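Enquirer: Sequence first, predicted model second:
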Amino acid sequence: MTSAEQAYLFRHALLRDAAYGLHLPGERAELHRLAIDSFVAALADQANAHAEELADHAIAALAGAPADEREVLLAAELHYLRLAADRAAAEWRVEAEVRLLDRLLKHPLTAHAERAPRALRLVQHLIEAGEYEAAGRLAREHAQGDDESALAAALQEYRVRVLTGTAGQEAAEIEALIARIEQQGSRTTLARALLARATYLDRSGHGVQAVGECSRALGVAHSAGDRELQTECLLALSLMRHTATRSPQAESDALAALDLARNTGNRNHELSALHNLGIIYSDRSRLREAARHYELALAIARDLGSSIAQASISNHLANLHFYFLGNIRTAERQYVASREFFRERGDVHAQAHANGVLGLMYVAMGENAKARDCFSQVLHLSTMAGERVMQAKALRALAVTGTRDDMPGALEAFQLAFKAVLETMGKAHCTDPMMRLARLLWDAGLLRAANEALEAALNLPGGENSRQLDVVRFTFDLLSGRPVAAPTEFRSLELEPHHRLTDNIYPQFCMAARDGMADAARARLIEMEQLAATAENTGYVRVRTCLEVARAATRALENGEPVWYGVPPAFISAPLRRALVESHDGTIDGTLKAAMLEGSTDPWKPWDTPLKDLIDLSGLA
């Protein structure tokens, strides 16, 4: 047969398979044995590159083989599977390695001594891919006993439960496991245990303690001489430190992890370090640097064929375009393309994640119906996959997109969300929904409950340093007639363009308008208009609202029309206008009072209803 004929047959797989099926099973098995022998005789030095193919020949040759040959073929299959798995690991082809490790663990000749480390490596890959159920099941299978591998498997099983929010809120379990490892395990396993405890602390809202524990894990990994584990610790430490303290050391940790990853040749770690740097630079408004590091990380993720990493990085890039650069339509295209890509692949976890971030974008655009559709999809997909953390995030998102038109339903949604978040992610993740509950109650005219919810949010982890909470407090104080002052952070020029408009210039406008300073108010409005003309800033619903209020307030001030502490009544919700008038303890100008009460409605409950009468938040105490 000529090479051209061979090429033709190779291109037409159906004809090839039909020809293959013409052979009797015994003949096919003999051909597979001949294929192995021929390959080894002619190309023995290339066996590593074709090891998985040779393993497939060996397993196919088993059909009808006599008993004395079966052991030889099984041994050959095992040999080539090992070669293929090790090669995939060396080349960081994670999906191929996962497939080969699974075959090795199921192979009848794989010895116990080999099975345990292979299983632990597979567990690690499954965790990184979000396959938590499979990872937990495999870890449990190997967690029996007190030898090193059993302790490591028990640790991985605990880690899966932390990541899925099923580890509970008590630290006793990890403390007992660490005590066992200190007595019977290696320094490497101890470092991994300390890293797991740091993760537990971080997810429980104890960020500063998590940083300390992660630093301890790094020290133990260094003393063990395990450079790859040092890199893992630095990667975790960089994000924990950044989240908990916003310390510049977070960048140094990520850069040190990147340097170690490149020195060890671990491309997964290199990808993670670049990704972390993108997150850090993005939060510090070093936007071009963030985009460059995300693009570098995404290129590696594509090279490695890592779908989970591609999903996460693509969504972070879209976040960068949307939340920071103002490129809304660019972001929407990336979000939608990411969602469709993972739907085609049948990747439930990545689909859920992509729907979630797309929903958050629609929230910021004021398109709540689209947002709720996305969040409902997240809830459906995460329930189907049994991912409790993702379910909690979906319930939280659905709660914060509720409206005052159905206050009982909205409050019930918040109740479910707080319960799910507390059970899976801890108090640190309740701060944002508590702030949004405060805003919902305020918009509904439930002033006392809104102020109590705001105070609760400020007392939750991260609340005292939240710019968003400062903005909400400013709004409540302004409309309540309480003394206000734009916090120092509002005046920062390092904010992203749309945040500078809404959280910096707009509060200054409000203060000028409240004091009747028409010229100063107009100057701030002109500044806002100029800033809004850049990129696609007006795509953000809050930017549009601030501009509309400022324009209307400026006209009202110049025309002598009534405003409520600088805000035209038409821009205050109907129940809130009634509540503000009723709760006001001073004299209100008759024209202003009439404007406030025109078309107003009674709040769903009296304005001074306490928060505890509306929703049970005892779990947050």
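Expert: Yep, that arrived.
Enquirer: So S600 versus P569, what's the distance?
Expert: In this view, S600 and P569 are 9 Å apart by Cβ to Cβ, to the nearest Å. No exception for glycine: its C-beta is placed from N, CA and C like everyone else's.
Enquirer: quick one: common contacting residues for those two?
Expert: Contact criterion Cβ atoms under 8 Å, 6 or more residues apart in numbering; residues shared by S600 and P569: R577.
Enquirer: So which of the two has more stuff around it?
Expert: Taking other Cβ atoms under 10 Å, S600 and P569 do not tie; P569 has more neighbours (24 against 21).
Enquirer: Any figure for the gap between that one and E561?
Expert: Note on P569: its distance to E561, by Cβ to Cβ, is 10 Å.
Enquirer: Next: E464.
Expert: From E464 over to E561 (counting by Cβ to Cβ), the distance is 38 Å.
Enquirer: Tell me, how many residues neighbour C546?
Expert: Going by other Cβ under 10 Å, the residues that sit close to C546 add up to 23.
Enquirer: OK, contacts around it?
Expert: Taking Cβ under 8 Å, 6+ apart as the test, what C546 contacts is 501-502, 506, 528.
Enquirer: Could you save those as JSON lines and add columns showing secondary structure?
Expert: Output for the contacts of C546, formatted as JSON lines (DSSP: H, G, I helix; E, B strand; the rest coil):
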{"residue": "L501", "secondary structure": "helix"}
{"residue": "T502", "secondary structure": "helix"}
{"residue": "Y506", "secondary structure": "helix"}
{"residue": "M528", "secondary structure": "helix"}
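Enquirer: and the two most separated of the residues you listed?
Expert: Largest separation among the contacts of C546 by Cβ to Cβ: T502 and M528, giving 9.0 Å.
Enquirer: Mind naming the longest helix for the protein?
Expert: Assignment by DSSP state H gives helix 67-90 as the longest helix of the chain.
Enquirer: Flag every buried residue along that one.
Expert: For helix 67-90, burial by neighbour count (16 or more other Cβ atoms under 10 Å) applies to 73-74, 76-85, 87-89.
Enquirer: quick one: which of these is nearest to A55?
Expert: Y80 (3.8 Å).
Enquirer: thought that closest one was touching A61?
Expert: No: with contact defined as Cβ atoms under 8 Å, Y80 does not reach A61; the gap is 11.9 Å.
Enquirer: Let me see the ranges of the helices in the stretch 451-600 of the chain.
Expert: 467-480, 497-500, 506-514, 518-532, 541-559, 574-583, 590-597 (DSSP state H, counting those that start in this stretch).
Enquirer: Centre of the chain to the shortest one, how far?
Expert: I take that to be helix 497-500. 23 Å (Cα atoms, centre = their mean, to the nearest Å).
Enquirer: picking that back up, list the contacts of the longest helix of the chain.
Expert: Contacts for helix 67-90 (Cβ under 8 Å, 6+ apart): 33, 36, 47-49, 51-52, 54-55, 58-59, 61-62, 65, 94, 96-97, 100-101, 103-104, 107-110, 118, 121.
Enquirer: Residue ranges in the stretch 51-200 of the chain under the pLDDT threshold?
Expert: The model of the stretch 51-200 of the chain has pLDDT under 70 over residues 64, 167-171.
Enquirer: quick one, helices of it?
Expert: 51-61, 67-90, 94-106, 112-128, 132-141, 148-163, 172-184, 187-203.
Enquirer: Can I get the ones you listed in CSV including distance to D405?
Expert: Putting the helices of the stretch 51-200 of the chain into CSV (distance: least, Cβ to Cβ, whole Å) gives the following:
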stretch, distance to D405
helix 51-61, 59
helix 67-90, 55
helix 94-106, 47
helix 112-128, 42
helix 132-141, 38
helix 148-163, 37
helix 172-184, 45
helix 187-203, 35
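Enquirer: Which of these sits closest to W604?
Expert: Using Cβ to Cβ, these put helix 187-203 closest to W604, at 35.1 Å.
Enquirer: now the angle from the closest one to helix 148-163?
Expert: Here helix 187-203 runs at an angle of 10 degrees relative to helix 148-163 (axes from the mean of the first three to the mean of the last three Cα atoms, to 10 degrees).
Enquirer: which other helices and strands contact helix 187-203?
Expert: Under the contact criterion of 3 or more Cβ pairs under 8 Å, 6 or more residues apart in numbering; DSSP states H and E, helix 187-203 touches helix 148-163, helix 172-184, helix 207-224, helix 227-245.
Enquirer: So what's the gap between the shortest one and the chain middle?
Expert: So the one you mean is helix 172-184. 29 Å.
Enquirer: for D283, what are its contacts?
Expert: Each residue near D283 by Cβ under 8 Å, 6+ apart is listed here: 242, 246.
Enquirer: So it versus R137, what's the distance?
Expert: Taken as Cβ to Cβ, the span from D283 to R137 is 36 Å.
Enquirer: hmm, back to that, pick out the shakiest of the helices of the stretch 451-600 of the chain, pLDDT-wise.
Expert: Among these, helix 497-500 carries the lowest mean pLDDT, a mean of 78.
Enquirer: For that one, name the packing helices and strands.
Expert: Looks like helix 497-500 contacts no helix or strand (3+ Cβ pairs under 8 Å, 6+ apart).
Enquirer: CA-only coordinates of that helix in CSV, if you can.
Expert: Coordinates of the C-alpha atoms in helix 497-500 are reproduced here as CSV (Å, rounded to 0.1, in the frame of the first residue of the first chain):
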residue,chain,number,x,y,z
PRO,A,497,-13.2,56.2,36.3
HIS,A,498,-16.8,55.2,37.1
HIS,A,499,-16.0,54.7,40.8
ARG,A,500,-14.3,58.1,40.9
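Enquirer: Can you tell me the SS state at D602?
Expert: coil.
Enquirer: How about it: what's its closest non-neighbour residue?
Expert: Distances taken as Cβ to Cβ, 6 or more residues apart in numbering place R578 nearest to D602, at 6.0 Å, with adjacent residues excluded.
Enquirer: Pull the number of nearby residues for that neighbour.
Expert: So R578, with other Cβ under 10 Å, has 20 neighbours.
Enquirer: these two touch, right, it and G445?
Expert: Yes: counting by Cβ under 8 Å, G445 is a contact partner of R578 at 6.1 Å.
Enquirer: Need the overlap of contacts for those two.
Expert: 602-603, 607.
Enquirer: Going by neighbour count, which of those residues are buried?
Expert: 603, 607.
Enquirer: and which of the shared contacts of R578 and G445 is nearest L557?
Expert: W607 (27.5 Å).
Enquirer: For that closest one, which residues are in contact?
Expert: Contacts of W607 by Cβ under 8 Å, 6+ apart are 445-448, 578-579, 582-583.
Enquirer: Quick check: chain neighbours aside, which residue is closest to it?
Expert: Per Cβ to Cβ, 6+ apart, closest to W607 is A579, 3.8 Å.
Enquirer: Tell me which residues touch that neighbour, please.
Expert: Here A579 is in contact with 445-447, 603, 607 (Cβ under 8 Å, 6+ apart).
Enquirer: Against I572, how distant is it?
Expert: 10 Å.
Enquirer: try S223
Expert: For S223, the distance to I572 - Cβ to Cβ - is 62 Å.
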